[in-house]
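Asks: The following comprises the amino acid sequence and a computationally predicted model.
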Amino acid sequence: MQYFLVGGAVRDQLLGLTVRERDWVVVGETADSMLAAGYRQVGRDFPVFIHPDSGEEYALARTERKRGQGHTGFVCHASPDVSLEQDLLRRDLTINAIAQAPDGELIDPYGGRADLQRRVLRHISPAFGEDPLRVLRVARFAARFAHLGFVVADETLALMRQMSQSGELGTLPAERLWQEFAKALASDAPWVFIDVLRACDALAAILPELDILFSVPQPLKYHPEGDAGTHSLMVLRQATALSSSTAVRFAALVHDLGKGVTPAADWPRHIGHEQLGVPVIRAVCERLKVPNDHQALAVLACRFHLVYGRALELKPATVMKYLEQTDALRRPERFADLLLVCTADARGRLGFEGAPFPQAERVRA
């Protein structure tokens with residue numbers, strides 16, 4: 001049996017990162033021969049098998065042909081005559097198309113190692129454009145590897161822009177969209193995910209409620225960074241420094257969506273944006289199938305981030321009222337997360353990044 005380690009395991013190994021899971025490609029075999037060797041088949045769309053001892057996935061080498069719209073509109077062909085190079089060609093990025101033989105030899109037909117050295121995320125072939133999910137995957141890889149200096153190649157970003165403008169992103173299931181969002185939020189630089197989506201026009205297609213904020217002004221006295229979108233990403237950056245929770249980071253990202261629906265005649269002021277934002281956040285969460293705990297924290301952050309920003313000015317009875325309204329007494333863990341979002345909001349402004357936020361300490365006490 002000819003088998004090769006492929007994909008993320010080879011990439012991360014070459015980058016010196018911890019390899020969390022290993023996937024294998026098998027060349028020259030059939031489903032029957034795999035079953036006869038003791039492997040257990042899973043999946044019906046293409047032949048993937050579980051190793052009887054290691055539990056790792058072994059997939060028959062295959063090619064793909066676009067048949068319909070969206071992420072799943074492909075016909076797969078797996079047979080003994082499909083070569084390793086053909087299997088690698090169907091993958092998304094050059095850095096994900098490196099294989100390793102059992103003796104350690106690297107098979108790199110599309111320049112993946114060179115792009116690892118250049119720190120470039122580059123698509124392999126025009127077939128990249130057939131799968132709209134790859135737009136989000138590349139943005140997520142950019143966030144995951146931002147600390148290593150990776151950037152998206154200009155030609156790949158241009159192709160991603162064409163894909164975004166084609167309307168195919170609208171064919172992606174909400175669950176897959178959220179899965180990519182959640183993975184990006186868990187990365188070390190989730191704001192890069194949003195930056196890349198904006199750069200290729202995908203944010204306007206997937207999350208227009210956030211995209212519009214980058215054209216919405218704020219009072220410079222309180223927000224020297226400028227527009228509400230820039231503020232939202234600065235708050236996300238601060239939340240990332242404060243917490244690894246994807247719920248906290250999501251709430252930080254969307255806490256000001258109400259500024260996108262305040263009357264333009266009132267700009268740069270946003271009177272009542274806390275209340276206006278609640279139905280917007282609920283609609284986003286419904287559309288993207290965001291988990292209930294993420295939605296609950298995001299709604300609380302939207303409604304109460306200004307209230308707790310004024311905590312030092314409030315009377316004790318007023319503080320108590322807001323503690324009750326945010327269910328702080330019954331849900332202290334969630335309330336602690338809410339205060340983290342409020343802290344991130346206060347610091348997510350130009351010149352305030354390291355500022356103390358004693359309001360949280362008072363309310364906590």
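Replies: Alright, I've got the coordinates.

Asks: dump the residue contacts of T94.
Replies: By C-beta atoms under 8 Å, 6 or more residues apart in numbering, the residues touching T94 are Y110, G111, G112, A114, D115, R122, H123, I124. Placement of C-beta: from N, CA and C, glycine included.

Asks: H273 too?
Replies: Residues counted as contacts of H273 (C-beta under 8 Å, 6+ apart) are D256, G258, K259, V261, T262.

Asks: What ranges does the stretch 101-250 of the chain have for its helices?
Replies: Here the stretch 101-250 of the chain has its helices, by DSSP state H, counting those that start in this stretch, at 112-118, 133-144, 154-165, 174-185, 190-199, 202-206, 208-211, 228-242, 246-254.

Asks: Likewise for the stretch 251-365 of the chain?
Replies: 273-288, 292-309, 316-325, 332-347, 358-364.

Asks: Convert the C-alpha atoms of the third one to PDB, please.
Replies: The reference is to helix 316-325. Output of helix 316-325 as PDB, limited to C-alpha atoms (Å, rounded to 0.1, in the frame of the first residue of the first chain):
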ATOM      1  CA  PRO A 316     -25.900  52.000  44.500                       C
ATOM      2  CA  ALA A 317     -29.600  51.400  43.800                       C
ATOM      3  CA  THR A 318     -29.000  52.000  40.100                       C
ATOM      4  CA  VAL A 319     -26.000  49.600  40.100                       C
ATOM      5  CA  MET A 320     -28.200  47.000  41.800                       C
ATOM      6  CA  LYS A 321     -30.900  47.500  39.200                       C
ATOM      7  CA  TYR A 322     -28.500  46.800  36.300                       C
ATOM      8  CA  LEU A 323     -27.000  43.800  38.200                       C
ATOM      9  CA  GLU A 324     -30.500  42.300  38.300                       C
ATOM     10  CA  GLN A 325     -31.200  43.200  34.600                       C
END
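
Asks: That helix - contacts with which helices or strands?
Replies: Judged by 3 or more C-beta pairs under 8 Å, 6 or more residues apart in numbering; DSSP states H and E, the packing partners of helix 316-325 are helix 292-309, helix 358-364.

Asks: same deal with the shortest one?
Replies: Using 3+ C-beta pairs under 8 Å, 6+ apart as the contact test, the elements touching helix 358-364 are helix 292-309, helix 316-325, helix 332-347.

Asks: quick one: which of the ones you listed is nearest G226?
Replies: When those are compared for distance to G226 using C-beta to C-beta, the nearest one is helix 332-347, at 16.0 Å.

Asks: residues making contact with that closest one?
Replies: Taking C-beta under 8 Å, 6+ apart as the rule, helix 332-347 contacts 235-236, 238-239, 242-243, 245, 247-248, 251-252, 255, 293, 296-297, 300-301, 304-305, 308-309, 323, 326-328, 352-355, 357, 359-360, 363-364.

Asks: residues of it that come out buried?
Replies: Residues 334-335, 337-347 are the ones in helix 332-347 that count as buried (16 or more other C-beta atoms under 10 Å).

Asks: swap in stretch 284-292?
Replies: Across stretch 284-292, burial judged by 16+ other C-beta under 10 Å covers V284, C285, L288, V290.

Asks: Return the residues in contact with the closest residue in space to L329 that isn't next to it in sequence.
Replies: Once flanking residues are discounted, L329 sits nearest to L323: 6.4 Å by C-beta to C-beta, 6 or more residues apart in numbering. Applying C-beta under 8 Å, 6+ apart to L323 gives the contacts L329, F335, V363.

Asks: ok, now P109?
Replies: For P109, the residues meeting the contact criterion (C-beta under 8 Å, 6+ apart) are E85, L88, L89, A97.

Asks: measure the last one to R11 for me?
Replies: Shown here: A97 relative to R11, a distance of 9 Å by C-beta to C-beta, to the nearest Å.

Asks: what do you get for the first one?
Replies: As defined by C-beta to C-beta, E85 lies at a distance of 17 Å from R11.

Asks: that older thread, any idea which of the contacts of L323 is the one closest to W178?
Replies: The closest of these, once distances to W178 are taken by C-beta to C-beta, is F335, at 24.7 Å.

Asks: Quick check: the gap between that closest one and E168.
Replies: Computed as C-beta to C-beta, the F335 to E168 distance reads 41 Å.

Asks: Any regions of the stretch 51-200 of the chain where pLDDT drops low?
Replies: Scanning the stretch 51-200 of the chain for pLDDT under 70 picks out the ranges 66-74.

Asks: at 50 instead, please
Replies: For the stretch 51-200 of the chain, no stretch is flagged by pLDDT under 50.

Asks: Kindly format the C-alpha coordinates of stretch 88-107 as PDB.
Replies: Extracted in PDB, the C-alpha atoms of stretch 88-107 (Å, rounded to 0.1, in the frame of the first residue of the first chain):
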ATOM      1  CA  LEU A  88      -2.800  17.300  -4.200                       C
ATOM      2  CA  LEU A  89      -3.900  19.500  -7.200                       C
ATOM      3  CA  ARG A  90      -7.500  19.600  -5.900                       C
ATOM      4  CA  ARG A  91      -6.400  21.200  -2.600                       C
ATOM      5  CA  ASP A  92      -6.800  24.900  -1.800                       C
ATOM      6  CA  LEU A  93      -3.400  26.400  -1.000                       C
ATOM      7  CA  THR A  94       0.200  25.400  -2.000                       C
ATOM      8  CA  ILE A  95       1.200  25.100   1.700                       C
ATOM      9  CA  ASN A  96      -1.600  22.500   2.200                       C
ATOM     10  CA  ALA A  97      -0.500  20.500  -0.900                       C
ATOM     11  CA  ILE A  98       2.700  19.000   0.400                       C
ATOM     12  CA  ALA A  99       2.900  15.200   1.000                       C
ATOM     13  CA  GLN A 100       5.400  13.100   3.000                       C
ATOM     14  CA  ALA A 101       6.300   9.500   2.300                       C
ATOM     15  CA  PRO A 102       6.800   7.100   5.200                       C
ATOM     16  CA  ASP A 103      10.600   7.400   4.700                       C
ATOM     17  CA  GLY A 104      10.400  11.200   5.200                       C
ATOM     18  CA  GLU A 105      10.700  12.200   1.600                       C
ATOM     19  CA  LEU A 106       8.600  15.400   0.800                       C
ATOM     20  CA  ILE A 107       6.500  15.500  -2.400                       C
END
